[in-house]
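take a look and give me a structure for this.
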Amino acid sequence: MRASSLLQLMWLASPALPIGGFSYSEGLESAVDSARVATEKDACEWLLDQLELSLARSDLATVAQAIPAWQCAHAKRIGQLNAWVLQTRESSELRAQTEQMGRSLLEWLRNHTTATAPQIALLASLQPTYPLAFALAASSTGAPLRDCLLAYAFGWAENMVQAAIKSVPLGQSAGQRILSKLAAQIPCAVDHALALPDDARQAFSPMLAILSAQHELQYSRLFRS
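Below you'll find the model as predicted:
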């Protein structure tokens with residue numbers, strides 16, 4: 001990979017990217033509130049399960065298919081994938097998250113040279129979701145598809161580990177141990193996502209959806225989901 005491609009992927013994966021990823025726990029805060037996650041071990045197992053059962057089968061699989069669609073300007077395919085993401089978010093919070101992060105990344109793209117005006121116009125017309133916006137940003141880096149997915153997954157992992165540190169709460173060393181275990185499993189999750197055809201892509205995690213819905217009414221919260 002060219003140095004410029006690597007640097008752009010690192011930029012997209014950074015928690016400092018101003019798209020608001022740090023403000024979401026994706027149901028983890030609700031799991032902490034209900035005592036399902038109370039220790040470092042609990043948090044690690046929770047996030048490893050979420051990586052395998054949720055992220056790999058939905059968002060990563062969508063990004064894997066969206067990047068080639070952006071590269072060949074397949075507008076119909078891009079619209080179908082974006083609609084799938086919107087339709088399969090199982091709570092209002094999870095849908096609001098992907099919409100807000102998608103809009104924020106769209107605004108970031110407007111201020112950079114990584115996407116063309118027609119691409120930005122197409123994304124803006126779609127009620128953009130985060131996986132499709134990320135796919136557009138990654139598609140112009142020149143990086144291999146697998147590396148783009150690794151960057152997406154690691155960015156997710158960093159944000160979720162920070163959510164665990166704040167909500168359980170945990171120390172920074174515990175967070176680094178969890179991140180290490182997630183990093184070891186991310187390549188397998190990415191390979192699984194790359195192998196999924198359309199009819200095997202899925203978003204079915206009912207307990208996560210229930211916890212996300214409960215979070216909407218949680219009395220005290222740090223996070224928006």
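
for residue 105, which non-adjacent residue is spatially closest?
Nearest residue to residue 105, sequence neighbours excluded (Cβ to Cβ, 6 or more residues apart in numbering): residue 133, at 3.9 Å. Glycine gets a C-beta too; all of them are placed from N, C-alpha and C.

I'd assumed residue 122 was in contact with the one you found.
No - using Cβ atoms under 8 Å, residue 133 is not in contact with residue 122, being 11.2 Å away.

neighbour-wise, which of those two wins?
For the pair residue 133 and residue 122, the greater number of neighbours falls to residue 133 (28 against 20), based on other Cβ atoms under 10 Å.

residues in contact with the one helix or strand that one maps to?
For residue 133, the enclosing helix or strand under DSSP states H and E is helix 130-139. The contact list for helix 130-139 (Cβ atoms under 8 Å, 6 or more residues apart in numbering) reads 9, 12, 19, 59, 62-63, 66-67, 69-71, 78, 81-82, 85, 97-98, 101-102, 105-106, 108-109, 114-115, 119, 123, 126, 148, 151-152.

repeat for stretch 201-218
25-27, 29-31, 33-34, 36, 50, 53-54, 57-58, 61-62, 65, 84, 88-94, 221, 223, 225.

okay, the residue nearest to residue 163 when sequence neighbours are not counted and residue 69: tell me how far apart.
Nearest-residue entry for residue 163: residue 25, 4.0 Å, with adjacent residues in sequence omitted and distances by Cβ to Cβ, 6+ apart. Note on residue 25: its distance to residue 69, by Cβ to Cβ, to the nearest Å, is 30 Å.

then residue 108?
In terms of Cβ to Cβ, residue 108 sits 20 Å off from residue 69.

any idea which element the residue most central in space within the chain lies in?
Centroid-nearest residue in the chain: residue 156, 5.2 Å away (criterion: Cα atoms, centre = their mean). Using DSSP H and E, residue 156 sits in helix 145-167.

now, of the contacts of stretch 201-218, which are buried?
Neighbour counting over these (16 or more other Cβ atoms under 10 Å) leaves 25-27, 29-31, 33, 50, 53-54, 57-58, 61-62, 65, 84, 88-91, 93-94, 223, 225 as the buried ones.
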